[in-house]
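In: My questions are about this predicted structure, shown below with the sequence.
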Amino acid sequence: MPGMNPGAKYVPYKPLDLPNRSWPSKVQRTSPIWTSVDLRDGNQALINPMSQEQKLEFFKKLVDVGFQEIEVAFPSASDTDFGFVRNIIEQGLVPDDVFIQVLTPAREELIRRTFESIKGAKNVILHMYNATSPLFRDVVFGNSRAKTIDLAVKHTKIVRELVDEYSKPENGGTNFKYEYSPETFTQTEMDFAVEICEAVRQTWGKASKQEPIIFNLPATVEIGPPNHYADQIEWFCTHVTKREEIIVSLHPHNDRGCAVAATELGLLAGGDRVEGCLLGNGERTGNVDIVTLALNLFCQGVRPGPLDLSDLQSVIDTVSGCNDIPVHPRHPYAGELVFTAFSGSHQDAIKKGFAAQDARKIKGDPSWNIPYLPIDPADLGMTYEAIIRVNSQSGKGGIAYLVAQALGLDLPRRMQVAFYQVIQQVADRTGKEMSSDDITRAFTQTYHVPSITSGRNEGRLALRQFKLEDDVPPELNGDDNLSPSSSQVLDPSYGAQTPRYRRFTGVVLRDGKPHNVSGKGNGPLSAILDALESAFGIRANIREYSEHAVSKPGTFSASASDPNGKRETKTRGQAASYVELVDADVEDGQGAKRAPGFWGVGIDVDITTSGLRAVVSAMSNLIQPSAVIEEATKAVDAAAAK
Ligand SMILES: CC(=O)SCCNC(=O)CCNC(=O)[C@H](O)C(C)(C)COP(=O)(O)OP(=O)(O)OC[C@H]1O[C@@H](n2cnc3c(N)ncnc32)[C@H](O)[C@@H]1OP(=O)(O)O
Ligand SMILES: CC(C)C(=O)C(=O)O
Ligand SMILES: [Mg+2]
């Protein structure tokens, strides 16, 4: 390439002079007629064309999806294609409201064979083509313009006669439409394209508003930008006579990667109908992708006619299975990754978008407006699970979203940051993408939460039994037994001004060994902190505390031992408490520098118990910070090995 002059080799497309083109200011608000050519144009482009069984499976899916026009074969090409057409007719597999379409070249023996294939069908589109561009006239056929018209006219006459014959009740009474394609339309002089279509229409003779003739205008090879195709379509539509007796059909290929755009602009320019393939299979770079076109319309609020893509995965499975061609992970709408956000800022925006959407829904506004997601995956039968995936590019928002989805826990903002750091380190160590399950597992391990799905790491400390009793304030009984640390703690779970004290007694396991502990405080949390300090010599302060009702009942398993004799049922409402502890000695010695915090989570049907569990969970991490990442990584690795 370097040094080469492409201008000396490649001839650019010739722009049309269309000074008052109207398509650029139009907006598509209706659905075109959709025609699947998967079983013909798609099939002829496969390394191994489909077997009859595969064609049948594909045909059934096209019917399920709602196509009312299906080009089923090039019947004169092979026994497989011929036999397939016979089979679906004889087995009664073509619904009454579906037209099967069959393609034939303008060659008499092939036309006759094509008619034989459709005998007895209810509705048929007979589709004939011949190439019209100068290159094909000169090189392939050695025909002048006039001879090219003669070819089309002569064979349209044959089609006409055979249509009349096969329409007779004694011959099956088939209901026909005629479609003519000036193949290589986009490389054809526009005046000639109109001229040959006019000649075909005249020969056909029967076109009317009620029974229009179909002129299919293919970009057999995409040789120009989409605006050029639109200009050609508009030129054709405004120069052909009796436009109302014609269905203008678009048949774009994707050589320049612009087939979808070309079709969309071609529709603005006057197209009524689109021929294409599901997911864009077809000759070379493919036919235009009808899934993309239909869903582009759908998410502009336009129903794509009869097409129903609400089970997109089944469409993907059939198409990729029968064609033996995988769908690219980034294929519009259908790719495995197209609803997935890995990057932190995207995840954060999506999470906020869902929260705003929930708020809108409550007010009765169902509109979809989520950052980075132009369509609701649920409308395509997809779940939200894959939307947020976590790798080294991910941020706290996405991770918190996954925890909320999986466990119904709404982590406090600063805890999101702390857990994000855990996940980042685990992701670095394992070197892989963290699935939603991995994150749930890492979460329950790190914060010692007994989840039904991912089990529990009990932590270095575990609460076994406890009793909380009211105690008389010290100024009334002279009890100065409260330790300075716990009396300094503002117990957030208990009103600071409450004129009483709590006494906590219980059994706490440390590394599996039971210890009887007791302590006092101005609330349950400060009382247990006092007890832990007395028993193990660790002074800790609470920096942050919050709680909420768990929004996913049945997510957490019963605690190892219920201190108050209440066994949790799986579906009872549970409360989640979050505590951030700081080592009081470190905090005292830090001066202005902020001491590191250690988070813990407690879940219980009883809010006080969930707070106590959260303290024990945080304390477990505080007493051995180095174990936190190690254990989370081990849990993720162990699950991967299973
Ligand atoms: C753009 C498209 O997708 S068009 C559809 C293309 N699809 C296919 O070709 C798949 C099925 N085709 C086939 O199985 C075969 O090509 C057949 C059965 C149709 C014909 O096979 P053959 O008779 O062996 O001819 P072959 O395939 O070589 O076709 C070339 C001949 O057909 C002529 N021809 C090609 N297209 C057309 C046409 N639309 N109308 C009339 N004649 C045509 C060529 O000029 C050439 O004629 P020549 O032999 O006198 O030079
Ligand atoms: C047969 C015609 C319509 C065709 O497939 C094309 O030109 O691409
Ligand atoms: Mg084609």
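Out: Sure, I can see it. What you see is a predicted model; the values in this text were computed from it and never measured. Numbers count the residues shown, from 1 in each chain. Ligands and ions are numbered 1, 2, ... in the order given.
In: Could you pull out the helices in the stretch 301-450 of the chain for me?
Out: Taking DSSP state H, counting those that start in this stretch, the helices of the stretch 301-450 of the chain run over residues 312-323, 344-362, 396-407, 413-430, 436-447.
In: Reformat those helices into CSV and put mean neighbour count, distance to ligand 1 and mean pLDDT next to each item.
Out: Placement of C-beta: from N, CA and C, glycine included. Listed next are the helices of the stretch 301-450 of the chain as CSV, based on neighbours: other C-beta atoms under 10 Å; distance: least, C-beta to the nearest ligand atom, whole Å; pLDDT from 0 to 100:
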stretch, mean neighbour count, distance to ligand 1, mean pLDDT
helix 312-323, 19, 16, 97
helix 344-362, 16, 41, 91
helix 396-407, 24, 46, 89
helix 413-430, 19, 49, 91
helix 436-447, 25, 45, 92
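In: where does the stretch 501-642 of the chain dip in pLDDT?
Out: When residues are selected by pLDDT under 70, those of the stretch 501-642 of the chain lie in 558-572, 590-592.
In: Quick one: name the residues of it near ligand 1.
Out: Nowhere does the stretch 501-642 of the chain come near ligand 1, counting by C-beta under 6 Å from any ligand atom.
In: Buried residues in the helix or strand hosting Thr633, which are they?
Out: Thr633 belongs to helix 626-641 when assigned by DSSP states H and E. Using 16 or more other C-beta atoms under 10 Å as the test for burial, helix 626-641 gives 627-629, 631-633, 635-636, 639.
In: from those residues, which is closest to Ala152?
Out: Lowest distance from Ala152 to the buried residues of helix 626-641 (C-beta to C-beta) belongs to Ala639, with 66.0 Å.
In: Could you verify my assumption that the closest one touches Ser436?
Out: No: using C-beta atoms under 8 Å, Ala639 is not in contact with Ser436, being 11.9 Å away.
In: what about the strands in the stretch 1-150 of the chain?
Out: 33-36, 69-73, 99-105, 123-131 (DSSP state E, counting those that start in this stretch).
In: Could you identify which of the ones you listed is most buried?
Out: Highest mean neighbour count of these: strand 69-73, a mean of 27 (counted as mean count of other C-beta atoms under 10 Å).
In: Could you figure out how far that strand is turned away from strand 99-105?
Out: Orientation note: strand 69-73 sits at an angle of 50 degrees relative to strand 99-105 (axes from the mean of the first three to the mean of the last three C-alpha atoms, to 10 degrees).
In: For strand 69-73, name the packing helices and strands.
Out: Judged by 3 or more C-beta pairs under 8 Å, 6 or more residues apart in numbering; DSSP states H and E, strand 69-73 is in contact with strand 33-36, helix 52-65, helix 79-90, strand 99-105, strand 123-131.
In: Need the mean per-residue confidence for it.
Out: The pLDDT scores in strand 69-73 average 99.
In: Kindly export it (C-alpha atoms) in PDB.
Out: Only the C-alpha atoms of strand 69-73 are listed here, as PDB (Å, rounded to 0.1, in the frame of the first residue of the first chain):
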ATOM      1  CA  GLU A  69     -42.400 -13.700   3.400                       C
ATOM      2  CA  ILE A  70     -39.600 -16.200   3.400                       C
ATOM      3  CA  GLU A  71     -37.400 -16.900   0.400                       C
ATOM      4  CA  VAL A  72     -37.100 -20.700   0.900                       C
ATOM      5  CA  ALA A  73     -34.900 -21.800  -1.900                       C
END
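In: Kindly provide the distance from the residue lying closest to Ile325 once chain neighbours are set aside to Asp255.
Out: Using C-beta to C-beta, 6 or more residues apart in numbering and skipping the chain neighbours, the partner closest in space to Ile325 is Asn281 (6.1 Å). Distance from Asn281 to Asp255, counting by C-beta to C-beta, to the nearest Å: 14 Å.
In: Which one of those two is surrounded by more residues?
Out: A count of neighbours by other C-beta atoms under 10 Å puts Asn281 above the other of Asn281 and Asp255, at 23 against 16.
In: is it true that that one touches Ile290?
Out: No: taking contacts as C-beta under 8 Å, Asn281 lies outside contact range of Ile290: 10.5 Å.
In: OK, contacts around the residue lying closest to Gly335 once chain neighbours are set aside?
Out: Spatially, and ignoring its direct neighbours in sequence, Gly335 is nearest to Pro329 (4.6 Å; C-beta to C-beta, 6+ apart). Counting by C-beta atoms under 8 Å, 6 or more residues apart in numbering, Pro329 touches 335-338.
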